[in-house]
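Undergrad: here is my input, please return the structure:
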Amino acid sequence: MSQRIELYTVLIIVLVLSLVAMAAVPRPTGRAQGGPIAVPGDAEPAPRSLLRLATFNIHGGMGVDGRRDLERISSVIRDAEVVALQEVRDDWWRKNQAARMATRHRAACLYAPTRRRWLRAHRGNALLSRYPVIDWRREPLPDLSGRRFRNFTVARIDVRGRTLSVMFTHLHTRAGREEQLQRVLAHFRTLKPAVLLGDLNTAPGDTLLSDYLAEDEVVDALQGTDNAQAASDRVDWILCRGVAVHASGTSPAGPSDHPYYWADVEISET
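TA: The predicted structure is shown next:
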């Protein structure tokens, strides 16, 4: 009898350890889509002719000093009306980082996790918008590493009665990045008026991206930004189609290991 109990105990332990091991393995998120996301209280920004877009890889809120401080990130993005965030953490015990900042800034939040671990969303990208989201859809991107899963998300937002497609993503640096970039740029070509925000892990000298930017309808909103990193080795981008760029700028790395980039744009009449 005691041997049987010991056997059952061993089997239960093995089963539990197997389930824990399976839950610990990172897995990609699949396709998804959704309907409207309202701005809390339906409070839109004061009317202005320009729209401030931004992109920021927040590195999980960890600054170059090794300290994790989401308040510093919130302070950097406070003037953005639409901001794409990358490397957003999703902890067990509280809302994901984007949702917490959205509450502070009274913005609609669209969280787009790229991978699951421990049976739940683990980390990914997000969009904060002070204008309501009409609808959205998320598409996975090919991954050759088996670990660094990626996707892109397209959200349509209502900017004072005009619809703008906002595409946001974060590509990886390993094998397969070029295929990911090709798919992102090909889909962006189908959207107008639209903006592409994110960390493409692609520098300005990349041939594929340079050829794409040679197209008449695509504008690099950060071109000419008065910052050495923006001009030479930046990997963060704001691309526009059917959107006029009036100004752009950057804040240096510090609160994150990436700079923060912004652009003031106007949706074209046509």
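
Undergrad: ranges for the strands of this protein?
TA: 27-28, 32-34, 51-57, 82-89, 108-117, 120-129, 133-141, 150-159, 162-170, 194-199, 218-220, 236-241, 243-251, 260-267 (DSSP state E).

Undergrad: so what are the sheet partners of the second one and their directions?
TA: In its sheet, strand 32-34 lies beside strand 133-141 (antiparallel), with partners assigned from DSSP bridges.

Undergrad: and the angle from the partner strand to strand 108-117?
TA: Relative orientation of strand 133-141 with respect to strand 108-117: 20 degrees, computed using axes from the mean of the first three to the mean of the last three CA atoms, to 10 degrees.

Undergrad: report the buried residues of strand 133-141.
TA: Buried positions in strand 133-141, judged by neighbour count with 16 or more other CB atoms under 10 Å: 133, 136, 138, 139, 140, 141. In short, each C-beta sits where N, CA and C put it, glycine included.

Undergrad: out of the residues you listed, who's nearest residue 91?
TA: Taking CB to CB as the measure, residue 91 lies nearest residue 138 of the buried residues of strand 133-141, at 21.0 Å.

Undergrad: gap between that closest one and residue 34?
TA: Look at residue 138 and residue 34: by CB to CB, to the nearest Å, they are 9 Å apart.

Undergrad: what's the answer for residue 104, then?
TA: Taking CB to CB, one finds residue 104 at 23 Å from residue 34.

Undergrad: what residue lies at the spatial centre of the chain?
TA: Residue closest to the average C-alpha location in the chain (CA atoms, centre = their mean): residue 125, at 3.3 Å.

Undergrad: how near is residue 150 to residue 142?
TA: 8 Å.

Undergrad: okay, and the common contacts of the two?
TA: Taking CB atoms under 8 Å, 6 or more residues apart in numbering as the criterion, residue 150 and residue 142 both touch residue 180.

Undergrad: same drill for these two, tell me which one is more crowded.
TA: Each of residue 150 and residue 142 has its neighbours counted (other CB atoms under 10 Å); residue 150 has more, 24 against 11.
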